[in-house]
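[1] sequence first, then the predicted structure, then my questions.
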Amino acid sequence: MKCHRCGGTMVFEKFYGVCDEFFGWRCIFCGEIVDQVILENRLEHHR
């Protein structure tokens, strides 16, 4: 998967929050993180 921001390589990772953990994609070059919640919020913002 390629990063939308910089075109770099995205890796699938497990992230840990305060109360939970989740999976998402992180760019190894710019640090952009994308998960299901981020994608849903971006879709809502564009409507």
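    Nice, I can see it.
[2] residues contacting stretch 9-26, please?
    Outside stretch 9-26, the residues that touch it by CB atoms under 8 Å, 6 or more residues apart in numbering are 1-3, 27-29, 32-38. In this view, the C-beta of every residue, glycine as well, is placed from N, C-alpha and C.
[3] neighbour count added to the residues you listed, as TSV?
    Formatted as TSV, those follow (neighbours: other CB atoms under 10 Å):
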residue	neighbour count
M1	10
K2	10
C3	18
C27	20
I28	12
F29	13
E32	16
I33	12
V34	17
D35	14
Q36	10
V37	10
I38	13
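[4] quick one: low-confidence ranges for this protein?
    Within the chain, the stretches with pLDDT under 70 are 47.
[5] okay, which residue is most central for it?
    V34 (1.1 Å; CA atoms, centre = their mean).
[6] that one bridge partners, please.
    Going by DSSP bridges, V34 is paired in beta bridges with W25.
[7] that one: what's it in contact with?
    By CB under 8 Å, 6+ apart, the residues touching V34 are H4, M10, G24, W25, R26.
[8] and which of those residues is nearest to R42?
    H4 (9.7 Å; CB to CB).
[9] okay, and that closest one sits in which element?
    Using DSSP states H and E, H4 falls within no helix or strand.
[10] that one touches I38, doesn't it?
    No: H4 is not in contact with I38 according to CB atoms under 8 Å; the separation is 10.9 Å.
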